[in-house]
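Student: build me a structure from this.
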Amino acid sequence: MAGVSARTARVLVVMVIPGQLIFIGLIYAMQPHSESVEITPLFVVVYIIAAIIQVMIDWCYFVLVGNVLT
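Tutor: Modelled structure (predicted):
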């Protein structure tokens, strides 16, 4: 069962970057053109890094605590 959980965790980590880029693209596409909100490359990089850190923290918590509980 641990192998399945590890594989699932790796798939989720790999899906973070494309998923967040799609989310940023949708936000950009849905914003009204009259109000100019700029999505800069710096924002995108920081946003992706924050998302990866969040997923890695969750993954580390699962590895350290989740395995103890099961």
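Student: next up, the contacts around Leu26.
Tutor: By C-beta atoms under 8 Å, 6 or more residues apart in numbering, Leu26 lies in contact with nothing. Bear in mind the C-beta positions are built from the backbone N, C-alpha and C, glycine included.
Student: tell me the average confidence for the helix or strand where it lies?
Tutor: In the assignment (DSSP states H and E), Leu26 maps to helix 2-30. Average pLDDT, helix 2-30: 81.
Student: what's the first helix or strand after that helix?
Tutor: Scanning onward from helix 2-30 (DSSP H and E), the first element met is helix 41-61.
Student: hmm, who's touching that next one?
Tutor: Ala9, Leu12, Val13, Val16, Ile17, Gln20, Leu21, Ile24.
Student: ok, now which ones touch the first one?
Tutor: The one in question is Ala9. Trp59, Phe62.
Student: please apply the same query to the fourth one.
Tutor: Taking C-beta under 8 Å, 6+ apart, we find Val16 in contact with Ile48, Ala51, Ile52, Val55.
Student: now the fifth one
Tutor: When contacts are counted by C-beta under 8 Å, 6+ apart, Ile17 is found next to Ile48, Ala51, Ile52.
Student: that's all I had, so thanks and see you.
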